[in-house]
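Okay, here's the prediction I keep looking at, along with the sequence it came from:
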Amino acid sequence: GTSLEPLPLQMGDRAMPHDPATPQDSLAVNSWNEWDPLEEMIVGSADNASFEPTEPGSRPAIRNRPETPFPTGPKSQEAVDLANEELAGLADLLRSQGVTVRRPGPHDFSAPVRTPDFEVENQYCAVCPRDVMITMGNEIIEATMSRRARYFEYQPYRKLVYEYWNSDPRVGWTTAPKPSMADGMYREEFWDWPLEKRHERMHSFEFCVHQDEVVFDAADISRLGRDILVQESMTTNRAGVHWLKRHLEPRGFRVHAVHFPLDFFPSHIDCTFVPVRPGLILTNPDRPLREGEEAMFLRNDWELVDVPEPVLGNHEMPQYCQSSKWLSMNVLSISPTKVVVEEQEKPLQDLMAKLDFEVFTVPFRNVFEYGGSLHCATWDVRRRGTREDYFP
Ligand code: ABU
């Protein structure tokens with residue numbers, strides 16, 4: 001038989017008793033909301049990025065030329081360099097504000113993936129860590145992901161996760177259950193529904209993923225201290241919300257499913273409903289919250305402020321970008337008084353200044369092609385603060 005010898009102790013294995021005198025915000029991993037003063041952040045990278053492939057959970061199309069086949073394989077070096085330059089600019093700005101910036105490790109996104117349940121010709125990129133990784137207080141959670149090309153997207157962050165986990169025994173690390181991503185997990189006809197059917201279906205929140213397996217992207221989650229919002233979307237199903245509830249509520253969180261019924265292709269909450277400080281949420285005028293779901297905010301005197309129309313219309317977005325014009329509101333909070341807004345979004349910059357923020361700007365249009373802007377392209381590992389109850 002096998003004998004189970006005790007393994008030599010690694011740094012992360014030490015059963016160090018939790019010292020109640022140690023303030024929580026001195027932990028290696030500590031982030032409870034979207035706005036506390038930022039101390040450590042991962043900024044994405046476009047290295048080795050590929051075009052997202054066509055698959056049951058995604059039908060990429062060239063903007064304004066949907067009949068032309070979408071490119072496959074690696075992105076051009078020029079597209080990678082342009083995005084990397086802007087990502088480096090964001091990293092420099094954050095460093096100038098005293099933030100420690102880390103970057104993902106190398107990964108070959110041109111490699112195909114084959115599992116017992118599916119095959120896909122290539123992977124995508126590490127531009128948007130927000131989609132995959134989330135810090136819930138002192139715990140790192142790796143999302144299940146919803147698309148085949150993103151199945152292994154946690155890998156560029158694993159070295160960092162091990163580092164955090166090894167450096168502090170109080171750091172938690174959970175990988176959510178991987179769904180099969182087999183054909184049966186998807187409702188492929190979703191992509192061909194005519195507009196009337198979408199209207200009919202818009203209140204049942206059924207999208208391209210069925211409800212049998214746990215599916216969520218981390219970017220459908222928004223953190224407000226004890227209260228966690230999760231958007232039901234094309235990338236997060238009800239089983240995903242349920243898993244988050246069962247995982248987080250015993251740990252003292254309250255999980256609320258939220259819905260934006262006028263968004264026919266919802267994916268990721270951070271271009272729709274964006275908290276920027278206690279008491280203030282930026283809202284998307286095209287995507288109101290489902291009636292009734294605003295009650296917890298209004299009851300607690302939170303302000304919901306519509307952002308102005310983006311500078312670029314949907315038809316003017318970069319041709320390979322699969323996201324909406326509302327990438328404009330994908331802002332990044334450095335603290336409750338400091339916010340980063342894309343350089344060309346002057347109307348939003350003016351609004352944020354009027355709301356008493358110090359506004360920082362960086363150019364980020366070349367990152368849009370990869371499906372995200374400033375919030376998407378980052379993952380906050382440490383913000384100074386603790387878990388507050390903003391909705392008592
Ligand atoms: N990845 C964020 C995209 C959200 C949107 O297109 O509105």
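Received, thanks. Residues are numbered from 1 along each chain as shown.

so what secondary structure elements neighbour the lowest-mean-pLDDT helix or strand in the chain?
Every helix and strand in the chain was compared by mean pLDDT, DSSP states H and E; the lowest is helix 195-201, with a mean of 82. The contact analysis (3 or more Cβ pairs under 8 Å, 6 or more residues apart in numbering; DSSP states H and E) places helix 195-201 against no helix or strand. To be clear about C-beta, it is placed using only N, CA and C from the backbone, and glycine gets the same treatment.

next helix or strand past that helix?
strand 221-224 (DSSP states H and E).

how about that next one as CSV, C-alpha atoms only?
Output in CSV follows, covering the C-alpha atoms of strand 221-224 (Å, rounded to 0.1, in the frame of the first residue of the first chain):
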residue,chain,number,x,y,z
ILE,A,221,-19.4,40.6,-9.8
SER,A,222,-19.3,43.9,-8.0
ARG,A,223,-18.1,44.2,-4.4
LEU,A,224,-19.6,46.7,-1.9
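
Which elements pack onto it?
Counting contacts by 3+ Cβ pairs under 8 Å, 6+ apart, strand 221-224 packs against strand 133-136, strand 227-231, strand 273-277.

Recalculate using a threshold of 7 Å.
Secondary structure elements in contact with strand 221-224, counted by 3 or more Cβ pairs under 7 Å, 6 or more residues apart in numbering; DSSP states H and E, are strand 227-231, strand 273-277.

For G313, which of the ones you listed is the nearest?
Nearest to G313, of all the helices and strands packed on strand 221-224, is strand 273-277, at 20.2 Å by Cβ to Cβ.

circling back: can I get the helices and strands packed on strand 221-224 in TSV including mean pLDDT?
Below are the helices and strands packed on strand 221-224 laid out as TSV (pLDDT from 0 to 100):
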stretch	mean pLDDT
strand 227-231	98
strand 273-277	98
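
Turn those into TSV, columns for distance to E142.
Below are the helices and strands packed on strand 221-224 laid out as TSV (distance: least, Cβ to Cβ, whole Å):
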stretch	distance to E142
strand 227-231	16
strand 273-277	23
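
between those strands, which gets nearest to R150?
strand 227-231 (17.3 Å).

Could you list the low-confidence segments of the stretch 1-150 of the chain?
Scanning the stretch 1-150 of the chain for pLDDT under 70 picks out the ranges 1-22, 25.

can you give me the strands for it?
Counting by DSSP state E, counting those that start in this stretch, one finds strands in the stretch 1-150 of the chain at the ranges 38-43, 100-102, 113-114, 119-120, 133-136, 139-142.

Quick check: which of those strands has the most neighbours on average?
strand 133-136 (a mean of 24; mean count of other Cβ atoms under 10 Å).

Sheet-wise, list the partners of that one with their directions.
strand 139-142 (antiparallel) (DSSP bridges).

so how far is the strand it pairs with off the chain centroid?
12 Å (Cα atoms, centre = their mean, to the nearest Å).

Next to the ligand, which bits of the stretch 251-392 of the chain? Give me the list.
Counting by Cβ under 6 Å from any ligand atom, the stretch 251-392 of the chain comes close to the ligand at 267-268, 271, 323-324, 326, 371-372, 376.

what about burial for the residues you listed, which qualify?
Neighbour-count burial (16 or more other Cβ atoms under 10 Å) applied to those gives 267-268, 271, 323-324, 326, 371-372, 376.

Narrow these to those in strands?
With DSSP state E as the criterion, strands contain none of these.

so where's the longest helix in the chain?
Using DSSP state H, we find that the single longest helix of the chain is helix 77-96.

so what secondary structure elements neighbour it?
By 3+ Cβ pairs under 7 Å, 6+ apart, helix 77-96 packs against strand 38-43, strand 100-102, strand 358-362.

how about a cut-off of 10 Å?
strand 38-43, strand 100-102, strand 332-335, strand 338-342, strand 358-362, strand 378-383 (3 or more Cβ pairs under 10 Å, 6 or more residues apart in numbering; DSSP states H and E).

can the ones you listed go into CSV with extra columns for distance to E86?
As requested, those are exported to CSV (distance: least, Cβ to Cβ, whole Å):
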stretch, distance to E86
strand 38-43, 10
strand 100-102, 14
strand 332-335, 13
strand 338-342, 10
strand 358-362, 7
strand 378-383, 13
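
What number of residues are in the vicinity of H199?
Using other Cβ atoms under 10 Å, H199 is surrounded by 13 other residues.

what's it in contact with, if anything?
H199 is in contact with 193, 261-262, 264, counting by Cβ atoms under 10 Å, 6 or more residues apart in numbering.

So how do I select the buried members of these in PyMOL?
Entered in PyMOL, the line below selects the buried ones among the contacts of H199, by 16+ other Cβ under 10 Å:
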select buried, resi 193+261
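
Among the contacts of H199, which one sits closest to E163?
The closest of those to E163 turns out to be F264 (Cβ to Cβ; 40.8 Å).

Against the ligand, how distant is that closest one?
In this structure, F264 and the ligand are 11 Å apart, going by Cβ to the nearest ligand atom, to the nearest Å.

What about the residues of the stretch 251-392 of the chain next to the ligand, which are in helices?
In helices, judged by DSSP H, none of those are found.

Identify, from those, the entry nearest to D168.
Closest to D168 out of those is C376 (26.8 Å), distances taken as Cβ to Cβ.

That closest one against D131, yeah?
Yes: applying Cβ atoms under 10 Å as the test, C376 and D131 come out as touching, 6.7 Å apart.

re earlier: nearest to M296 among the contacts of H199?
P261 (17.8 Å).

tell me the contacts of the closest residue to that closest one other than its chain neighbours?
Closest residue in space to P261, ignoring its immediate chain neighbours: M202 at 5.0 Å, by Cβ to Cβ, 6 or more residues apart in numbering. By Cβ under 10 Å, 6+ apart, M202 lies in contact with 259-264.

Please flag which of these sit within strands.
Among those, no member falls in strands (DSSP E).

Redo the residues you listed as JSON lines? Include pLDDT.
As requested, the contacts of M202 are arranged in JSON lines below (pLDDT from 0 to 100):
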{"residue": "H259", "pLDDT": "97"}
{"residue": "F260", "pLDDT": "96"}
{"residue": "P261", "pLDDT": "93"}
{"residue": "L262", "pLDDT": "93"}
{"residue": "D263", "pLDDT": "94"}
{"residue": "F264", "pLDDT": "91"}
